[in-house]
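1. Can you look at this prediction? I've put the sequence above it.
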Amino acid sequence: MKNLLILFTLFCSMSISTNLLAQNFGYVDSQEIIELIPEVKEANSNIETFKTQLQKRGQEMLKALQAKYQDLERREGQGEIAPKQLEIEVQKLKTEENQILAFEQESQQKIVKKSEDLLSPIRDRIQNAINDVAAENAYDYVFDYSTGFVLYANQSTNINNLVKAKLGL
């Protein structure tokens, strides 16, 4: 009975070792691939232009608000405005200030959405190419070298060139 248990344990160990040796691993440097895709440069340029436009609009709104504050201070200093009217004008400016803050938050959300809209199809295309290469070459696992999850990688397992070829790069 004891010999049977030892034999069974030895058989299981050998089976697990054989399965591990039969697995095929590959890795890819997605950052390198991303840098080579022309659409990424175009998308990043569009995102940057959009961001610049929103920032410019925000700066214009802020300058206008500052001018209104300065005008109000001037009018107060020259005694051209009653205290009650001053309070009403200050409240209006605080409301406008809150609108500018809301605009800034909305702008950040719009930039994130624009980035996602433009870059998501590219990421999907890369992932599909990786999936195709892995299936066509019987890879059990493909790791992304650029994320730092690989501690050691034999160069012969690098499938970057196959993914680039699949993407036509």
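-> That came through, no problem.
2. Can you check the pLDDT for A135?
-> With respect to pLDDT, A135 scores 88.
3. er, V150 I mean
-> 64.
4. try the one 5 residues further on
-> pLDDT, the model's per-residue confidence, is 77 for Q155.
5. gap between it and N161?
-> 11 Å (C-beta to C-beta, to the nearest Å). Where you see a C-beta, it was placed from the backbone N, CA and C, and this is true even at glycine.
6. Going by contacts, tell me the helices and strands next to the helix or strand that contains Q59.
-> Using DSSP states H and E, Q59 sits within helix 38-77. Contact here means 3 or more C-beta pairs under 8 Å, 6 or more residues apart in numbering; DSSP states H and E; on that basis helix 38-77 packs against helix 83-136.
7. Following the chain onward from the helix it packs on, which element is next?
-> Using DSSP H and E, the helix or strand that follows helix 83-136 towards the C-terminus is strand 141-144.
8. Quickly run through the sheet partners of that next one, with directions.
-> strand 25-28 (parallel) (DSSP bridges).
9. The strand it pairs with: which residues count as buried?
-> G26, Y27, V28 (16 or more other C-beta atoms under 10 Å).
10. Just list the residues touching the last one, thanks.
-> Right, the one you point to is V28. Residues near V28 by C-beta atoms under 8 Å, 6 or more residues apart in numbering: I130, V142, F143, D144, Y145, N158, I159, N160, V163.
11. quick one, which of Q155 and N161 is more surrounded?
-> N161 (11 against 6; other C-beta atoms under 10 Å).
12. tell me what the helix or strand harbouring the more buried one is packed against?
-> If you go by DSSP H and E, N161 is part of helix 160-167. The contact analysis (3+ C-beta pairs under 8 Å, 6+ apart) places helix 160-167 against helix 30-36, helix 83-136.
13. List the contacts of it.
-> 28-29, 32-33, 36-37, 125-126, 129-130, 132-133, 137.
14. Would you confirm that N137 contacts G26?
-> Yes. Using C-beta atoms under 8 Å, N137 is in contact with G26, at 7.3 Å.
15. shared neighbours, those two?
-> I159.
16. how about the helices and strands packed on helix 160-167, which one is nearest G58?
-> Nearest to G58, of all the helices and strands packed on helix 160-167, is helix 83-136, at 5.8 Å by C-beta to C-beta.
17. Return the helix or strand in the protein with minimum mean pLDDT.
-> helix 2-22 (a mean of 46; mean pLDDT, DSSP states H and E).
18. for the contacts of V28, which one is nearest T52?
-> So of the contacts of V28, ranked by how close each gets to T52 (C-beta to C-beta), first place is D144, at 31.1 Å.
19. so what's that closest one up against?
-> Here D144 is in contact with Y27, V28, D29, S30, V150 (C-beta under 8 Å, 6+ apart).
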